[in-house]
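K.L.:
fold the following and give me the result.
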Amino acid sequence: MKKSLVIIPTYNEKENIEKIICAIFSLPREFDILIIDDGSPDGTAKIVQNLQQKDKHNRLHLLQRPGKMGLGTAYITGFKWALVHNYQYIFEMDADFSHNPDDLIKLHDACLNGADLAIGSRYKSGVNVVNWPIGRVLMSYFASKYVRLVTCMKIHDTTAGFKCFRRHVLEAMNLDRIRFKGYAFQIEMKFITWKMGFSIVEIPIIFTERKVGASKMTGGIFNEAFWGVLTMKARSLFHPYKRLR
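P.N.:
Just a heads-up that it's a prediction; the model follows:
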């Protein structure tokens, strides 16, 4: 069985994509990579294809989609691909170096030591965010507090997008019934994992704002998360989450 797969959704990441791939492949532990590109007009996918031609060990994979279809659907596509291809540890990661590739090993270790879901947490030990405007820091921090209050999850960074799942967690979910497509998807995945009784561990990381490329964050993303959390919580009161296996 193959071991570890890092899923990286991309849209216009030509400045970062080769660097992040090389950084992951240079780690002292082996991670395969799946890039899911949503029709980037800047040629991100072409850069990946060129790197694939140099990949003698078949560790770099690419799925191309016709356009922007949402972060959540990208990850669901990646999760299904990872399960079909027999990966045991399945990671979510951004392409822009806001997530330090070195921390993949910390998340992997947490799952090797018994966690079902390991979260790279910006708020587990204070506020560990670099180069964000104070307004965005406060919005993100209190968004996590709000989600924690509504859902009762004992998770400090409920919106984190740097994670490692063990495959049996994803196998236990009906991935086709994940509702959110934007960043609220990150909350929903944690909530379902928690409601199913899986073990969740937060690993403190330092989150660094991208240096090149454009952020994909919009006000609509937070609007979806605000109202979505309320409906998700209400729905859970009447439709308990059950493991498929």
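K.L.:
tell me the centre residue of this structure?
P.N.:
Closest residue to the average C-alpha location of the chain: Glu92 at 3.2 Å, with C-alpha atoms, centre = their mean.
K.L.:
which pLDDT does the model give that one?
P.N.:
Looking at Glu92, its pLDDT is 98.
K.L.:
what sits opposite the closest residue to it other than its chain neighbours in the beta ladder?
P.N.:
Setting aside the residues directly before and after it, Glu92 is nearest to Lys163 in space (C-beta to C-beta, 6 or more residues apart in numbering), at 4.8 Å. C-beta: built from backbone N, CA, C; applies to glycine. In this entry, Lys163 is beta-bridged to Glu92, Ile119, by DSSP bridges.
K.L.:
residues near the closest residue to Ile76 other than its chain neighbours, how many?
P.N.:
Leaving aside its chain neighbours, Ile76 sits nearest to Leu175 (5.2 Å; criterion: C-beta to C-beta, 6+ apart). Using other C-beta atoms under 10 Å, Leu175 has 16 neighbouring residues.
K.L.:
ok, now Ile206?
P.N.:
As a burial measure, Ile206 scores 13 neighbours (other C-beta under 10 Å).
K.L.:
which residues touch it?
P.N.:
100, 122, 128-130 (C-beta atoms under 8 Å, 6 or more residues apart in numbering).
K.L.:
count of residues packed around Met196?
P.N.:
Neighbours of Met196 under the rule other C-beta under 10 Å: 16.
K.L.:
and it, backbone torsions?
P.N.:
phi -80, psi 0 (degrees, to the nearest 10).
K.L.:
who are the neighbours in contact with the residue nearest to Ile76?
P.N.:
Neighbouring residues of Leu175 by C-beta under 8 Å, 6+ apart: 76, 79-80.
K.L.:
swap in Tyr11?
P.N.:
37-40, 44, 68, 216.
K.L.:
can you show me the helices along the protein?
P.N.:
Along the chain, the segments classed as helices by DSSP state H run 17-25, 44-53, 71-84, 103-112, 134-151, 167-172, 184-195, 219-238.
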